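Asker: Quick one, fold the following:
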Amino acid sequence: MSLSQRRERLLALAGYLCLSAAVFGHGALTHLQGAVVGFGPQSAYYGRDQSAYVWFLDWGARALTHLENPLSSGAIFAPHGYNLAWAASIQGPSLVMAPVTLLAGPVASFNLLAIAAPATAAWTAYLLCRALVAGGPWPAIAGGLLFGFSTYETVEMVNHLNLALVALVPLAALLAVRRVAGTIPRWAFISGLAVVLVAQLWTSTEVLASMVMFGTLAFLLAALAAGPCRRRAVLRTAGEALAAMALAAVLGGPFLYHAFRYPDPVQGISGAGSGIDVANLLTPTRVTWLAGIPGLSSRAAALQGNLTEQTAYLGVPALVLLAAAAWSFRRRTAGAALAAFVVITLVASFGSHLIERGHRTALGLPWAVVGHLPLLRFATPGRFVVYVWLAVAVATAWWLAAGWPSGRPLRWALFAVMAASLAPNPLGVPWATRVDAPALMRSPQLVRYVRAGATVLALPFGVSGDSMFWQVQASFHFRLAGGYVSVSLPAEYRPAIHLIHALEGNSFSGSLTPRLCGFLRMTGSSVILLRDGRAGSWLRLLGPLGITPLRAGGFRVYPLAAAFAHGGACARG
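Answerer: Reported below is the predicted structural model:
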């Protein structure tokens, strides 16, 4: 690689990083340790997913320094713990970022990783486009911009860091492209792709599963579209990709063993029905600046799912550009293969049934069958749009670089309109959320109320509270009865689901005291910490315990010894 090529690549990466910092990081960078990038899809949950990722980052660093298992934690969901191989635990990035976490803290580590996510995705997409598209760097830079700052990426930047970290997807495609072209040797392709797959396994198992599935589709379409000589190269590369997968399975053995040997907390969950809303293709949501136009916000409110699942906005300019690109390349088999990939992937993204403006129609789709296969049933098809966006990025770069020179200004003008219509909303949404940092968690007085290693029931429970932030701030001084690392509770907690609903601050009827006492006994909790100012029927729920709470550092503290003593509300009969 020449010096000019290195300079071009570094400048592209620097440009993407600056843009990501300006769009997504402008609020958090000024409070690097006191605020997190992103927000919640509903105001009641601002920062809650981020609290889980901050916890994962701190747990990864702690696992290294304390020689603990990064894939399992007994610090949450006491007394059984949680199998983190089945959570969105970003354990790979957590281990890589451990030096930053140990030096600057997990909140700063999260913010740097979040800002890097769209920039690195854009950069690897640029590298892929650069390998596929002849000519100067600008079409490839444009393609990278579309992928890294697509609606998919903007939406996932709200609070799904594991799904925003998709830089490995274009990188895997780049390795395959270079191998088909014969510019890298077999050993480099197999070992390189294996490393990419293992890294993706430790970042997001969901993305890995979909990457394998749509990578297989890409190989199939490429083989069908290629001529005899190129087809042999495609099939050879596909065979070597299988060898890379086998090597990745060996290298990723500890992760896979832990995932399948120990209890699976998400068993029984299926995401087959969680497809994109077809209306979202033309309807921007509030993470896109166009959503501020009168009338569009009301249309977005009718879409399927919450904000973090509305990833499919392409808009009229993008559809026009895609149609123009398809027409331009109609006589090229590669163009037909790319168009087929977009259509098939988009249909898969619709899920098991077509959804239109929040209404599930009776029209069944292929994913109704495919989505119930082993492992794939955990996937959320609406997130397959990331592969549509990668194809759009490649098609756009290809189209911008092709054609007569005299027609290129018009093409670039259409691209500019398209990019403007997809631009994230930098000021209309809160791209930074303050971390909940109650004084007690950092105070030496904590040991007066919670002994080291004790189990704490922190309220509000789970996703409705900030207990994951609190445990990190307390340097894992205590264990949690509960926590929030996944949408699914471990099997031991599921019988208490109605009680947990109340512990989250929701209304309830009747007396829950016997259930609460049983839950406290099962988890081994010795103290309840109730955060001040949080809505909930707390007096009705906790009052029957007969404990007068103490006030300390932003909490009402309920020592539970009296409740379990002879004559107490939770004493055994």
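Asker: end-to-end on stretch 31-39?
Answerer: 15 Å (CA to CA, to the nearest Å).
Asker: Centre of the chain to that stretch, how far?
Answerer: 17 Å (CA atoms, centre = their mean, to the nearest Å).
Asker: And the contacts of it?
Answerer: Residues from elsewhere that reach stretch 31-39 (CB atoms under 8 Å, 6 or more residues apart in numbering): 24-25, 27-28, 46-47, 49-50, 54, 104-105, 107-108, 110-111, 114-115, 157-159, 429-435, 437. (Glycine included, C-beta is placed from N, CA and C.)
Asker: And those, which of them are buried?
Answerer: Buried by 16 or more other CB atoms under 10 Å: 24-25, 27-28, 46-47, 49-50, 54, 105, 107-108, 110-111, 114-115, 157-159, 429-433, 435, 437, out of the contacts of stretch 31-39.
Asker: Check which residues of the host helix or strand of residue 10 are buried.
Answerer: Secondary structure from DSSP states H and E places residue 10 in helix 3-24. By 16+ other CB under 10 Å, the buried positions in helix 3-24 come out as 8-9, 12-13, 15-17, 19-21, 23-24.
Asker: And for stretch 118-135?
Answerer: Buried, per 16+ other CB under 10 Å, within stretch 118-135: 118-133.
Asker: ok, now stretch 550-564?
Answerer: Result for stretch 550-564 [16+ other CB under 10 Å]: buried residues 552-558, 560, 562-564.
Asker: Cross-reference those with the strands and report the matches.
Answerer: Within the buried residues of stretch 550-564, residues falling in strands by DSSP state E are 552, 555-558.
Asker: do you know how far residue 275 is from residue 160?
Answerer: Distance, residue 275 to residue 160, by CB to CB, to the nearest Å: 17 Å.
Asker: which of the two has more neighbours?
Answerer: Comparing residue 275 with residue 160 by other CB atoms under 10 Å, the one with more neighbours is residue 275, at 30 against 22.
Asker: can you give me phi and psi for the more buried one?
Answerer: phi -90, psi 180 (degrees, to the nearest 10).
Asker: Local confidence estimate at it?
Answerer: Model confidence at residue 275, given as pLDDT, is 83.
Asker: Residue 355 is in contact with that one, correct?
Answerer: Yes - taking contacts as CB atoms under 8 Å, residue 275 lies within contact range of residue 355: 6.0 Å.
Asker: what helix or strand is residue 410 on?
Answerer: Residue 410 belongs to helix 408-422, assigned by DSSP H and E.
Asker: partners of the helix or strand following that helix, with directions?
Answerer: With elements assigned by DSSP H and E, the helix or strand that comes after helix 408-422 is strand 432-434. Counting by DSSP bridges, the strands paired with strand 432-434 are strand 35-37 (antiparallel).
Asker: any low-confidence regions in this structure?
Answerer: The model of the chain has pLDDT under 70 over residues 1, 41-46, 264, 266-273, 292, 294-302, 371-378, 403-407, 572-573.
Asker: List the contacts of residue 109.
Answerer: So residue 109 contacts 54, 57, 97, 100-101 (CB under 8 Å, 6+ apart).
Asker: Let's see that with 10 Å instead.
Answerer: By CB atoms under 10 Å, 6 or more residues apart in numbering, residue 109 lies in contact with 32-33, 53-54, 57-58, 60-61, 93-94, 96-103.
Asker: Please spell out the ChimeraX selection for the buried subset of the residues you listed.
Answerer: To isolate the buried ones among the contacts of residue 109 in ChimeraX, judged by 16+ other CB under 10 Å, type:
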select :32,53,54,57,58,60,61,93,94,96,97,98,100,101
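Asker: What about the contacts of residue 109, which are in helices?
Answerer: 53-54, 57-58, 60-61, 93-94, 96, 98-103 (DSSP state H).
Asker: and residue 114, that one's in a helix?
Answerer: Yes - applying DSSP: H, G, I helix; E, B strand; the rest coil, one finds residue 114 inside a helix.
Asker: Not counting residues beside it along the chain, what's closest to it?
Answerer: Nearest residue to residue 114 in three dimensions, chain neighbours excluded: residue 37, at 4.0 Å (CB to CB, 6 or more residues apart in numbering).
Asker: Phi and psi next, for residue 356.
Answerer: Torsion angles at residue 356 (phi, psi; degrees, to the nearest 10) stand at phi -130, psi 120.
Asker: and what of the one 10 residues further on?
Answerer: Note on residue 366: backbone dihedrals following degrees, to the nearest 10 are phi -50, psi -30.
Asker: With residue 359 instead?
Answerer: According to degrees, to the nearest 10, residue 359 has phi -100, psi 130.
Asker: Run through the bridge partners of it.
Answerer: residue 356.
Asker: ok, it to residue 237 distance?
Answerer: The value you get for residue 359 to residue 237, if CB to CB is used, is 43 Å.
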